[in-house]
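**Student:** Coordinates for the following, if possible.
(chains A and B)
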2 protein chains.
Amino acid sequence: MYTIIQSDKEKDTAAGIFPVRQSGKEKNKMKAYQEMDRTELEALRKELNQAYEEAKGMGLKLDMSRGKPSETQLNMTMPIMDVLGADSDLRTEGGVDCRNYGLMDGIPEAKALMGAMIGVPAENVIVCGNASLSLMYDAVSRSMTHGVCGSTPWCKLDKVKFLCPVPGYDRHFAITEHFGIEMIPIPMTADGPDMDMVEQYVNHDETVKGIWCVPKYSNPQGITYSDETVRRLAALAPAAEDFRIYWDNAYAIHHLYEDSQDELLEIFGECEKAGNPDMVYEFVSTSKVTFSGAGIAAVASSPKNLEFIKKSMTIQTIGYDKINQLRHVRYFKDINGLKAQMKKQADIIRPKFEAVLSILERELGGLGIATWIPPKGGYFISFDAMEGCAKQIVAKCKEAGVVMTGAGATYPYGKDPKDSNIRIAPSFPTPGEMAQAAELFTLCVKLVSVEKLLESK
Amino acid sequence: MYTIIQSDKEKDTAAGIFPVRQSGKEKNKMKAYQEMDRTELEALRKELNQAYEEAKGMGLKLDMSRGKPSETQLNMTMPIMDVLGADSDLRTEGGVDCRNYGLMDGIPEAKALMGAMIGVPAENVIVCGNASLSLMYDAVSRSMTHGVCGSTPWCKLDKVKFLCPVPGYDRHFAITEHFGIEMIPIPMTADGPDMDMVEQYVNHDETVKGIWCVPKYSNPQGITYSDETVRRLAALAPAAEDFRIYWDNAYAIHHLYEDSQDELLEIFGECEKAGNPDMVYEFVSTSKVTFSGAGIAAVASSPKNLEFIKKSMTIQTIGYDKINQLRHVRYFKDINGLKAQMKKQADIIRPKFEAVLSILERELGGLGIATWIPPKGGYFISFDAMEGCAKQIVAKCKEAGVVMTGAGATYPYGKDPKDSNIRIAPSFPTPGEMAQAAELFTLCVKLVSVEKLLESK
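**Tutor:** Numbering: from 1, shown residues only, chains lettered A, B, ... in the order given. This next block holds a predicted model:
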């Protein structure tokens, strides 16, 4: 039974609509926890507690907290280190010396490459340093001090709000919180953010200046926005002239399977059609394509937006690291190089996702105490425990040596109103460590759930 | 005669105090222009005009506008491209994998290296991306939105002012102008900024929040602040708690001569002694040590300031490019590696400076129409023409194919009240080009000066 997350109240949110793994329910001899009486639950608690104490004695030290590539992934990319050497010509095709100042907005070849990742022409792309997060921070910071294409600087306004599809990416929320921007949670559905709510806010509240989106293989749910969602976003009629969609296409080509991939409608084309050519800033990077510490990042937008961005950027820097841009271009050559790389990445990551999913299934399937979404790409598995359990689960994991993303991190201000969502990041540990961590995690889920159910008996 | 720049009014500014090259005056058969009568000047104008028309016909295409390293310099640094390869261990000494996320504030080895460049302990240093300019921009931008260590954000204040020693660096002034900060020019003396004025402003006007300084081999004059100037700066008693010295130590180790180098007093130590431990942000980079497009940059400050900076930085980025930090560390090893590199750089640059200086001397010495300062380091020669001539000189140069830094660029808002200062950047052209450019430049100086003198006759 999935009462908690399949309640009517939840019907139109992601948790209720998804093909959450419930299989095993029939096969599994385990009784759903909610059907157990007090005596059964108490016996179970004793048993689980014993297992937990044993687990604690194992001295685990594992981290499932952040979407970090593993050493195997990083090793796979090492040939990029030999692409440029002391004998290389470090000039662009157009003859610009990448070692020197110049080309503030990136080398043309890198613009084309990053554009290809997201289906956007090179001329709409600015290629920068190693972090798309900095570009998002800059976009918000710039709006605070200089407004958006001539609008009033946000720091001069009494109130600025951002819509935050939840669960979402903690570092997005950290940026808006840092600037004192009020965050409004928007529930995710299987098709992306609840568009009725988004339209209601954006089209009628001029203090709403932005929405954070991870439109493909979203963080943490792995949801790809449906074509209809993208079209409705593109067709918004914002009350605020300086409203922008912050389109963090972090997992644009980060598929887990070759034969089953999500497609995301290219949003600039839709915006153009809808008469909103300037409504989107798109962000992309190679952090999870090459090296997460030393990739390249880009921002894409309309000519009008780019011109405004460059006005600040030209004050902010003489130029980004073009040698690293060139290194990436020479390594990948084109989109096919990127795709081949991502296939290799998937081959390393996929087994870890599958290990976690199979342990979740085996240990929790049919117990009625949790749901999760098997993703087709991205870096995370979104897990929903029973209401009021997430913090305790994460604390129990930590006590036994397994670090999870903090409960609540997927919500603005770190506050998950249901204390239910936990983000699992399977990429970093080895498959063996991953299995150990997942086992411990499911044990903690069971233990905390039993305690919760006993409380309410 | 140097009436224009040696007038009483100018007595305590750099132009009046410096050992400006006046030699040749005796030897030179050329008569000082100011001593010529109208007929002589008209004959001279005709002659110069003819030479200028011939020069225009040469189709020159030269750039003396920006402090860019030359190809020879960049080639000299190419071995750095082989320091890290596919077989390298990309871990720090402490075992951190530079390919992955982590160490937001830089790898310890890079902190030590950058700290050594400026005589500051590693723990006071944050190492970032490729541009110290971005760090300065961030410092100002952060103060606008978040204040300084708890002070009111500047965007909430009616008025914010910065002191700008002049002539100075145009990109500094561009940052403060971009944020609407009022800039107050402070004349440079041979010892640094006019400290009486600085004290007057900083200690009595709480809207003065900063001063831009290039304390060593200053841009453009090549002046190194005297010990007394550093001590007086360190001993300021600012009216504003959020006043900071923006100490851009861009040319910390950029000497032209091995046997004649300026020494700059380390300012943090002086601040500590004076009871002002938190008053300085120091910036440094390897832009003109390795590759100007792909070096590493750092900010140094007190623990309190660093803590505040990191609060924003941790929102802004997950981390900077640590592989490039490691590449620099492995290439240089320590301060001796840096010094050896800078000796090689100097060997390439010095002849260009000397070529310009000797042409200035040969062509303009004794004419009483200009002064300039022979620097011992840095990237520029500061040139002062007769009042009201700089713009025309730069325009004339451009017309004949030689691009100079825009006249006025060395002053806030691009406005040199005397229209006199021109920044010469000798590093980029080849020595041959440099000589050609300098010849044309001096021709334009003479022509415009004659025209000016004729106007006033």
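
**Student:** C-alpha only now, for contacts and for neighbours.
**Tutor:** Fine.

**Student:** How much space separates the closest residue to residue A:415 other than its chain neighbours from residue A:350?
**Tutor:** Spatial nearest neighbour of residue A:415, chain neighbours left out: residue A:408 (4.9 Å); criterion: Cα to Cα, 6 or more residues apart in numbering or on different chains. To residue A:350, residue A:408 is 26 Å away according to Cα to Cα, to the nearest Å.

**Student:** So between these two, which is more surrounded?
**Tutor:** Set residue A:408 next to residue A:350 and count neighbours by other Cα atoms under 10 Å in any protein chain shown: residue A:408 wins out with 22 against 19.

**Student:** Surely the more buried one forms part of a strand?
**Tutor:** No - under DSSP: H, G, I helix; E, B strand; the rest coil, residue A:408 falls outside any strand and is assigned coil.

**Student:** Could you pull up the residues touching the residue most central in space within chain A?
**Tutor:** With distances taken as Cα atoms, centre = their mean, residue A:219 lies nearest the centre of chain A, 2.4 Å away. Contact analysis of residue A:219 by Cα atoms under 8 Å, 6 or more residues apart in numbering or on different chains lists A:167-169, A:378-380.

**Student:** go with 7 Å
**Tutor:** Listed by Cα atoms under 7 Å, 6 or more residues apart in numbering or on different chains, the contact set of residue A:219 reads A:168-169, A:380.

**Student:** Just the element for residue A:311, please.
**Tutor:** Using DSSP states H and E, residue A:311 sits in helix A:303-316.

**Student:** for that helix, packing partners?
**Tutor:** Using 3 or more Cα pairs under 7 Å, 6 or more residues apart in numbering or on different chains; DSSP states H and E, the elements in contact with helix A:303-316 are helix B:132-146, helix B:170-178.

**Student:** need those in JSON lines with mean pLDDT and mean neighbour count, can you?
**Tutor:** Formatted as JSON lines, the helices and strands packed on helix A:303-316 follow (pLDDT from 0 to 100; neighbours: other Cα atoms under 10 Å in any protein chain shown):
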{"stretch": "helix B:132-146", "mean pLDDT": "98", "mean neighbour count": "22"}
{"stretch": "helix B:170-178", "mean pLDDT": "98", "mean neighbour count": "20"}
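
**Student:** remind me, longest strand of chain A?
**Tutor:** Longest strand of chain A, by residue count under DSSP state E: strand A:182-189.

**Student:** what are the pairing partners of that one, and which direction each?
**Tutor:** strand A:161-166 (parallel), strand A:192-193 (antiparallel) (DSSP bridges).

**Student:** Just say which of these is most tucked in.
**Tutor:** Compared across these, strand A:192-193 shows the largest average neighbour count, a mean of 28 (mean count of other Cα atoms under 10 Å in any protein chain shown).

**Student:** any idea of the mean pLDDT in that one?
**Tutor:** On average, the pLDDT along strand A:192-193 is 98.

**Student:** after that strand comes which helix or strand?
**Tutor:** helix A:195-204.

**Student:** chain center to the helix or strand containing residue A:349: distance?
**Tutor:** Taking DSSP H and E as the criterion, residue A:349 maps to helix A:335-364. Relative to the centre of its chain, helix A:335-364 is centred 16 Å away, using Cα atoms, centre = their mean, to the nearest Å.

**Student:** can you list contacts of the helix or strand that the helix holding residue A:311 is followed by?
**Tutor:** Downstream of helix A:303-316, the next assigned helix or strand under DSSP H and E is helix A:322-332. With Cα under 7 Å, 6+ apart as the test, helix A:322-332 has contacts from A:80, A:83-84, A:98-99, A:106-107, A:109-110, A:113, A:296, A:338, B:293-294.

**Student:** So which of these are in strands?
**Tutor:** Among the contacts of helix A:322-332, no member falls in strands (DSSP E).

**Student:** Using CSV, write out the CA atom coordinates for stretch A:234-242.
**Tutor:** Presented in CSV, the C-alpha positions along stretch A:234-242 are these (Å, rounded to 0.1, in the frame of the first residue of the first chain):
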residue,chain,number,x,y,z
ALA,A,234,7.4,29.0,-23.7
ALA,A,235,3.9,30.5,-24.0
LEU,A,236,3.9,32.1,-20.5
ALA,A,237,2.7,35.7,-20.5
PRO,A,238,4.8,37.0,-17.6
ALA,A,239,3.5,39.9,-15.5
ALA,A,240,7.1,40.9,-15.0
GLU,A,241,9.1,42.1,-18.1
ASP,A,242,12.2,40.8,-16.3
